[in-house]
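Novice: sequence unknown, structure follows:
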């Protein structure tokens, strides 16, 4: 981190603010738990039942932590993160707002990203023109370097409201930028400027000049600007180390967003986590998909999660945009919708719920009974409501994102 830049918080008033409108409609029909079998495909290039494992010295060894117990949806002890259900090594970390960072995934040649293995929650969703990015939320841990930081999208507004977070991003399309800065959380938005390095600086390996941040410095910086950075009410999630008994086999899942962006999660029984594998080439069809482990550049570990949750939500083209490089996608993640939760090598057919603007995502069975996630990290994969969901065999699932 060498060059100095600073925070420029610009209130753009060219477009009036767009207020949140939760939709109290009845829950949409849940896709069936037993899905139809797809047409036979060549198996020689399918994702293997056990993708390439980088070895137990890095990705598959979980960090030592206290034995988890059941918590939530409220009444979390002062030293337990309401976003993971785990005790933290330093309870002072929870006496602040979560810190969210928008992280780049394309172009492929600039992977792997920094820091995302330390996030409590990550949302992975469609941005535009076939590409995806991460909205990574850090709370119970800090990351000394996170990035590359890239531009925001409309869904980030909802995610900031849900988690009452500080948000670091690298600008945005003009109308999205306007909507962001017309929100009451505008003082908590941090973009690159001329005098705020730290917390947002340029890292220049091989001349790429990446924008990165340190989450501890980012949190301290916001506090120094007079922004309320006290502990927030983040109640809503449930955690239980005991595996529910109502699941189906779910050892592996593939999520395909486009010819360019597709990923695979494979359950590792040794660590009890799902390991992330990422696209390595353009794939016009399933047979040409190819994967490699997705690593964290900061520590060399493979990205992994205790919970991988598919959120099915309507997508639409905002601002009268059209499909293509200039499309602007709005994802309607309010109210309720279908969800598939993967934990402990099983999958559960559920509903996601977000009844209010400041509600975190909670999960229930279709009859309304609460569902508990496994204590630990959660990755949300957001896909369109018309997405195709298939089960190629008894252990694997495939989600083909489609708009809307």
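Specialist: That came through, no problem. It should be emphasised that the depicted structure is a prediction, and the values quoted were computed from it without experimental measurement.
Novice: what about the closest residue to residue 316 other than its chain neighbours, helix or strand, and which?
Specialist: Excluding the flanking residues, the one nearest residue 316 by Cβ to Cβ, 6 or more residues apart in numbering is residue 330, at 5.3 Å. Bear in mind the C-beta positions are built from the backbone N, C-alpha and C, glycine included. Residue 330 is part of strand 329-331, with elements assigned from DSSP states H and E.
Novice: can you give me how far that strand is from the chain middle?
Specialist: Centroid displacement of strand 329-331 relative to its chain, using Cα atoms, centre = their mean, to the nearest Å, is 15 Å.
Novice: Can you classify the residue most central in space within the chain by secondary structure?
Specialist: For the chain, residue 123 is the residue whose C-alpha lies nearest the centre (Cα atoms, centre = their mean; 1.5 Å). What DSSP: H, G, I helix; E, B strand; the rest coil gives for residue 123 is strand.
Novice: Please apply the same query to residue 223.
Specialist: Strictly by three-state DSSP, residue 223 counts as helix.
Novice: give me every residue that touches it.
Specialist: For residue 223, the contact set (Cβ atoms under 8 Å, 6 or more residues apart in numbering) comprises 96, 229.
Novice: can you do 7 Å?
Specialist: residue 229 (Cβ atoms under 7 Å, 6 or more residues apart in numbering).
Novice: ok, now how distant is it from residue 185?
Specialist: With distances taken as Cβ to Cβ, to the nearest Å, residue 223 is found 15 Å from residue 185.
Novice: do residue 200 as well
Specialist: Distance, residue 200 to residue 185, by Cβ to Cβ: 18 Å.
Novice: and if you look at residue 354?
Specialist: Using Cβ to Cβ, residue 354 is found at 17 Å from residue 185.
Novice: Compare those two and say which is more crowded by neighbours.
Specialist: Between residue 354 and residue 185, counted using other Cβ atoms under 10 Å, the more crowded position is residue 354 (23 against 17).
Novice: and the more buried one, what is it in contact with?
Specialist: So residue 354 contacts 333-335, 361 (Cβ under 7 Å, 6+ apart).
Novice: measure it to residue 335 for me?
Specialist: Counting by Cβ to Cβ, the gap from residue 354 to residue 335 is 7 Å.
Novice: And residue 305, by the same measure?
Specialist: Using Cβ to Cβ, we find residue 305 at a distance of 25 Å from residue 335.
Novice: So for the two, which residue has more residues nearby?
Specialist: Neighbours were counted for residue 305 and for residue 335 using other Cβ under 10 Å; residue 305 has more, 23 against 18.
Novice: Name the nearest residue to residue 123, ignoring sequence neighbours.
Specialist: Leaving aside its sequence neighbours, residue 123 sits nearest to residue 135 (Cβ to Cβ, 6+ apart; 4.3 Å).
Novice: Now that neighbour, what are its backbone angles?
Specialist: When read as degrees, to the nearest 10, the backbone of residue 135 gives phi -110, psi 100.
Novice: repeat for the one 3 residues further on
Specialist: When quoted as degrees, to the nearest 10, the phi and psi of residue 138 stand at phi -110, psi 130.
Novice: Then residue 220?
Specialist: phi -70, psi -40.
Novice: What distance do you get for it to residue 100?
Specialist: Distance, residue 220 to residue 100, by Cβ to Cβ: 16 Å.
Novice: of these two, who's got more company?
Specialist: residue 100 (30 against 15).
Novice: so the more buried one sits in a strand?
Specialist: Yes: according to three-state DSSP, residue 100 belongs to a strand.
Novice: Can you name the residues that contact the closest residue to it other than its chain neighbours?
Specialist: Of all residues not flanking residue 100 in the chain, residue 165 sits nearest, at 4.3 Å (Cβ to Cβ, 6+ apart). Residue 165 makes contact with 97-100, 137 under the criterion Cβ under 7 Å, 6+ apart.
Novice: Apply 8 Å and report the result again.
Specialist: Residue 165 touches 97-100, 137, 159, 188, counting by Cβ under 8 Å, 6+ apart.
Novice: just curious, which of the residues you listed is nearest to residue 375?
Specialist: Closest to residue 375 out of these is residue 137 (16.3 Å), distances taken as Cβ to Cβ.
Novice: The closest one is in contact with residue 162, isn't it?
Specialist: No: applying Cβ atoms under 8 Å as the test, residue 137 and residue 162 come out as separate, 9.2 Å apart.
Novice: partners of residue 263 in the sheet?
Specialist: For residue 263, the beta-bridge partners under DSSP bridges are residue 255, residue 278.
Novice: my guess is it contacts residue 278, does it?
Specialist: Yes: Residue 263 lies in contact with residue 278 (Cβ under 8 Å); the separation is 5.3 Å.
Novice: of those two, who's got more company?
Specialist: Taking other Cβ under 10 Å, residue 263 and residue 278 do not tie; residue 263 has more neighbours (24 against 19).
Novice: contacting residues for the more buried one?
Specialist: 124, 254-255, 276-279, 291, 294, 381.
Novice: what does residue 121 give?
Specialist: 83, 136-137, 163, 377-380.
Novice: Repeat that for residue 307.
Specialist: Neighbour list for residue 307: 274, 341-343, 373-374, 376-379 [criterion: Cβ under 8 Å, 6+ apart].
Novice: of all these, which comes closest to residue 228?
Specialist: residue 378 (25.9 Å).
Novice: Identify the bridge partners of that closest one.
Specialist: Per DSSP bridges, the residues bridged to residue 378 are residue 121, residue 307.
Novice: tell me, how many neighbours does residue 108 end up with?
Specialist: 15.
Novice: Then residue 145?
Specialist: 19.
Novice: likewise residue 286?
Specialist: When neighbours are counted by other Cβ under 10 Å, residue 286 registers 18.
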